[in-house]
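1. Below are the sequence and a predicted model; questions follow.
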Amino acid sequence: MRSVYLDHAATTPLHPEVSSLMGEFMREIFGNPSSLHSFGREARKWMEEARQKVANLIGASAEEIVFTSGGTEADNLAILGVALSRSEKGRHIITSSIEHHAVLDTCKFLAKKGFEVTFLPVDRYGIIDPDDVRKAIRKDTILITIMHANNEIGTIEPIEEIGKIARDHGIIFHTDAVQTAGKIPVDVNTLNVDLLSLSAHKIYGPKGVGALYVRKGVRLEPILHGGGQERKYRSGTENTIGIVGFGKAAEIAARDLDQEFSRTKRLRDKLIRGIFEKIPDVRLNGHLKQRLPHNANFSFFGVEGESLILSLDLQGIAASSGSACSSRSLQPSHVLAALGLPYEWIHGSVRMTLGRTNTESDIDYVLEVLPDIVARLRSFSPLARKLQA
Amino acid sequence: MRSVYLDHAATTPLHPEVSSLMGEFMREIFGNPSSLHSFGREARKWMEEARQKVANLIGASAEEIVFTSGGTEADNLAILGVALSRSEKGRHIITSSIEHHAVLDTCKFLAKKGFEVTFLPVDRYGIIDPDDVRKAIRKDTILITIMHANNEIGTIEPIEEIGKIARDHGIIFHTDAVQTAGKIPVDVNTLNVDLLSLSAHKIYGPKGVGALYVRKGVRLEPILHGGGQERKYRSGTENTIGIVGFGKAAEIAARDLDQEFSRTKRLRDKLIRGIFEKIPDVRLNGHLKQRLPHNANFSFFGVEGESLILSLDLQGIAASSGSACSSRSLQPSHVLAALGLPYEWIHGSVRMTLGRTNTESDIDYVLEVLPDIVARLRSFSPLARKLQA
Amino acid sequence: MYSEKVMAHFRNPQNVGEIPDASGVGEVGNVICGDILRVYIKVRDNVLEDVKFMTFGCAAAVASGSMTTVLAKGRTIEEALQITKKTVAEALGGLPPHKRHCSNLAADALRKAIEDWKHKEARTVS
Amino acid sequence: MYSEKVMAHFRNPQNVGEIPDASGVGEVGNVICGDILRVYIKVRDNVLEDVKFMTFGCAAAVASGSMTTVLAKGRTIEEALQITKKTVAEALGGLPPHKRHCSNLAADALRKAIEDWKHKEARTVS
Ligand SMILES: Cc1ncc(COP(=O)(O)O)c(C=O)c1O
Ligand SMILES: Cc1ncc(COP(=O)(O)O)c(C=O)c1O
């Protein structure tokens, strides 16, 4: 059977150059980067080269990169790290209602611990109004954390403007760029950010490694205590194999950014056009233009997302859904809910995210298979009948 | 030049079976274990197999294993997780003064946040007296955390007894078994522990992956917030490549435990005998019998540790030291200090930890090279002169 | 995640559709939690001559709808009332823990359909 | 971590040892922080005819001791007093940040040795 992977926002396969470098490294180098001897120094050298490459991807300098165990830890470190180090100055945090759970749940944790959190709304395309940020600022605001682009609907936020507002008010600004770095240009100086989260596995690097950019001069308490690695920002023996892979992935992502941007965008637009032509009662969630090039997010009325995902899976197509049933928590997507989407549409959402693995014929295949799947599921859906009535 | 690695307690090379499995996995499987589709399910299957293997190593069941980014995070999760979930019940924690920094610094962090921590002393061999634990217990004690064996001097603690005391008092008991699992028998039921930390890279697995054993029924708040992976104990996309490697490493460690125990112990004993025969003014730190089979820790009077390590390195021998100069914090080993060792001896300490890479002739080489190095460094040491005078 | 049997019923659900002249209809679930399941029954001489279902729901919902109709069809009302969520889950070779409650709705819908029929019967008789 | 020059001086330190009939001796550091460095000088006609050092210390301490003696030997007292920690660190091609303070003790020890000599001189003269 054909196999079409349309879930690149969930994770990506290793780029062949990444896996081959990781393979070479893991067979030859094993020292602990903290060790004084040659084994340790050699491992450190590789790690520092990777750090430089990751820095290059976002216009930072190497000393500003703190390696973490992934995007989730980077988000936690940014938010808890600022909260721990600035709680004397204030206890108010501003974020949005469409952040990834790594940001959202960390903010909610702080809210239970005596912090106050403002969750800004979004418009029906998922865009945050910088004016709302400005209005939410208080004397005791210590942190603004707004994602660069949303992982479900691909909407790109006005980070540059929000960053300016934060800077004008002397408030630390964090952005979660897990979905944007390597996909659209990301420059920490253009974006006016102090902290920025990255994750390797979204850019054809390994899972379980990420980084937090920490602008020179910004203070942060660690959240993992111990040996004082990563200039005391993050204790724990470093995931050297993963870091080396991350470095290579960052290098390749920077190199191929323009080309992959156009390629995935063209395929994505073809997919959207095709679906609208072939399937009735469908909507595209998110913004039409201010959107990641590889993201498409549809809702098919009357169809439940998990059923759709599994039906696609039976045809070899991998996608994801914001339906409650597709998540272990049985909560439907908070992002789609924040757009004001009715539950019927939320539960019928399907995210298709394109990437390096996809070709033109992948899209043709999806357009061939999907209409029948939707029709079949609608054939026994009490909701779909309602719409027809 | 000859290359002899005697720093297996710092980290180990990947076992060839581990690197080959990781290589295979990373080229073929890339799904996100949280994804519903076949790519995700396949990744999850590999991950769950690894979980079973890790559980087997310590006599646990798979559902009791929470994968983390390493031993440091496992220690932090155990201590902070209990502190967060039980702070209403009490705020007193008992630990020892020779814990790894991942435990020690986490306890110190809590001490700054309003918890009270008792740091138990050790005798001159590094052994904790279970009676001291019993006496330290208060009404508001919520956690006892004592390491299974020390990473510097290899002393094995009476965990089984301490575990019984903790259980009798209904107090949660954590042990850091990072240095023991795979080296000596570790069974969570025999040891009477509720929480137990593991790290893959000490047993010929990859760096950046570890696990916390959480006994069924023990509640723990997470320290990383987000997508709710690892049954909500630990959010963040899983380090699948690392986890697969960890599983294999655990399997091999269990399989070869007896054989490696005897082999490294024999070589280690030869090393100790040889050094005592050939070098004057030396002491062995730690306990003679209650000791990890592969650990030797010497102090050479009048010689500074970092100089010794670098001199050994120039001869291709990798070892480590508890001297202040060998650490970035410029603090001498708190473990050797806790033994009551004078500073002269602390700064002159060298840890040699054996493992799979070592052969008989490695030991011969060290015994050939080391006496001259010590003699040379002593030749211009003002302290050594003092001793001779 | 799902057992072989669940996937078989999901791939090829039995007795889907409506019964236009149903003796009773039962619906459970709601659009907020994302699973809606409706069961139609046709009763003759105290026997479920026909049972059909419609669902907006996940694979577990589809499979439990399918399995419930299979189990109920041809049974007497009394027999059909013995069918519980547990019966259905077991017949499906088990359901993932987090799916046991909200997606395994069909037994409840069947009971509601039977109640609906009883209700109508009572009215007809009286 | 260390520069080539530091490692060269560590591998092959210059002017190690004692000067039995030294004109002055200076010692800095202590056993708690783990670096002790002692400098011996032999002064004739206001010139450091010989300079030697002993150390219990890390590679940075050994190298800075060695480099300091190299820089000082043959210099006048005034010239030798110009030698600072900074001079030594630069001559060594830099030292790691955390090693700059406690391990780069030799310039201070040299200064102490010169003071010791001056002190003795003063006593001899008076
Ligand atoms: C926007 C965003 N933030 C954070 C994360 C978490 O990163 P990681 O998967 O590396 O833990 C993800 C991906 O899961 C993401 O899409
Ligand atoms: C006893 C002990 N605990 C914890 C750790 C930390 O584990 P990791 O290196 O995986 O962070 C180590 C090793 O560094 C250790 O030896």
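-> Alright, I've got the coordinates. Ligands and ions are numbered 1, 2, ... in the order given.
2. what about the helices in the chain?
-> No chain was given, so I picked chain A. With DSSP state H as the criterion, chain A has helices at A:16-28, A:38-57, A:71-86, A:101-112, A:130-136, A:159-168, A:240-278, A:305-314, A:334-338, A:343-347, A:360-379, A:382-388.
3. looking at chain C here, not the other one
-> So, for chain C - with DSSP H - the helices run C:4-11, C:59-72, C:77-81, C:85-91, C:106-125.
4. Looking at the ones you listed, spot the one closest to chain A.
-> Chain A sits nearest to helix C:59-72 of all these, at 5.0 Å, using C-beta to the nearest C-beta. Yep, even glycine has a C-beta here, placed from its N, CA and C like the rest.
5. if you look at the closest one, does any of it touch chain B?
-> No: residues of helix C:59-72 are not located near chain B by C-beta under 8 Å from any C-beta of the partner chain, the shortest gap being 9.1 Å.
6. Buried residues in stretch A:285-294, which are they?
-> With burial defined by 16 or more other C-beta atoms under 10 Å in any protein chain shown, the residues of stretch A:285-294 counted as buried are A:285, A:286, A:287, A:291, A:292, A:293, A:294.
7. Quick check: the two most widely separated of those?
-> Greatest spatial distance among these (C-beta to C-beta): A:285 and A:293, at 16.2 Å.
8. Determine the number of other residues adjacent to the closest residue to ligand 2 within chain C.
-> Distances between chain C and ligand 2 by C-beta to the nearest ligand atom are smallest at residue C:1, namely 30.9 Å. Neighbourhood size, residue C:1 [other C-beta atoms under 10 Å in any protein chain shown]: 15.
9. Surely residue A:381 touches residue A:303?
-> Yes: judged on C-beta atoms under 8 Å, residue A:381 makes contact with residue A:303 at a distance of 6.4 Å.
10. can you list residues touching both of those two?
-> Common neighbours of residue A:381 and residue A:303 (criterion: C-beta atoms under 8 Å, 6 or more residues apart in numbering or on different chains): residue C:56.
11. more crowded one of these two?
-> Taking neighbours as other C-beta under 10 Å, residue A:381 and residue A:303 compare with residue A:303 leading, 29 against 26.
12. now the more buried one: how far from residue A:8?
-> 23 Å (C-beta to C-beta, to the nearest Å).
13. do the same with residue C:114
-> Applying C-beta to C-beta to residue C:114 and residue A:8 gives a distance of 48 Å.
14. closest to residue B:229 out of the helices of chain C?
-> helix C:59-72 (21.3 Å).
15. Beta-bridge partners for residue A:181, please?
-> Counting by DSSP bridges, residue A:181 is bridged to residue A:184.
16. how deep is it tucked in, by neighbour count?
-> 28.
17. what do you get for residue A:284?
-> That count, for residue A:284 with other C-beta under 10 Å as the rule, works out to 15.
18. and it, bridged to which residues?
-> Under the criterion used (DSSP bridges), residue A:284 bridges to residue A:298.
19. ok, for the residue of chain C found nearest chain D, nearest residue in space, not its chain neighbours?
-> Nearest residue of chain C to chain D: residue C:1, at 49.6 Å (C-beta to the nearest C-beta). In space, and not counting its chain neighbours, residue C:1 is closest to residue C:96: 5.6 Å by C-beta to C-beta, 6 or more residues apart in numbering or on different chains.
20. What separation is there between the one you found and residue B:273?
-> 59 Å.
21. repeat for residue A:97
-> 68 Å.
22. same deal with residue A:282?
-> For residue A:282 relative to residue B:273 (C-beta to C-beta), the value is 79 Å.
23. Tell me which of those two has more neighbours.
-> Between residue A:282 and residue B:273, residue A:282 has the larger neighbour count (other C-beta under 10 Å), namely 19 against 12.
24. My read is that that one contacts residue A:300, right?
-> Yes: counting by C-beta under 8 Å, residue A:282 touches residue A:300, with 5.4 Å between them.
25. Now do stretch A:286-295, average pLDDT.
-> Averaged across stretch A:286-295, the pLDDT comes to 98.
26. same thing with stretch C:93-100?
-> Average pLDDT, stretch C:93-100: 87.
27. And stretch A:134-147, by the same measure?
-> 98.
28. Next, see if it gets close to chain B.
-> No: Stretch A:134-147 lies out of reach of chain B by C-beta under 8 Å from any C-beta, never closer than 12.8 Å.
29. How many residues are close by the closest residue to chain D within the stretch 101-250 of chain A?
-> Proximity of the stretch 101-250 of chain A to chain D (C-beta to the nearest C-beta) peaks at residue A:231, 10.6 Å away. Counted by other C-beta under 10 Å, the residues lying close to residue A:231 total 11.
30. just residue A:28 next, same as before
-> 10.
31. Residue A:211 versus that one, what's the distance?
-> 24 Å.
32. now swap in residue A:33 and tell me
-> Residue A:33 is 15 Å from residue A:211, by C-beta to C-beta.
33. And the two? Which one has more around it.
-> Neighbours per residue (other C-beta under 10 Å) separate residue A:33 from residue A:211, with residue A:211 holding more: 33 against 23.
34. so who does the closest residue to chain C within the stretch 1-150 of chain A touch?
-> Nearest to chain C in the stretch 1-150 of chain A, going by C-beta to the nearest C-beta, is residue A:1, at a distance of 13.8 Å. Contacts for residue A:1 (C-beta under 8 Å, 6+ apart) come out as A:315, A:316.
35. what does the stretch 251-389 of chain A have sitting close to chain B?
-> So the stretch 251-389 of chain A meets chain B at A:306, A:309-310, A:312-313, A:316-321, A:326, A:328-329 (C-beta under 8 Å from any C-beta).
36. Show me the shaky parts of the chain.
-> All of this refers to chain A. Counting by pLDDT under 70, the ranges of chain A that qualify are A:385-389.
37. Actually, chain C is the one I wanted.
-> In the predicted model, chain C carries pLDDT under 70 at residues C:125-126.
38. middle-most residue in it, spatially?
-> residue C:106 (3.3 Å; C-alpha atoms, centre = their mean).
39. Skip the chain neighbours and tell me the closest residue to that residue.
-> That would be residue C:68: by C-beta to C-beta, 6+ apart, it lies 3.6 Å from residue C:106.
40. which ones are touching the one you found?
-> Going by C-beta under 8 Å, 6+ apart, residue C:68 touches C:39, C:51, C:53, C:83, C:88, C:106, C:107, C:109, C:110.
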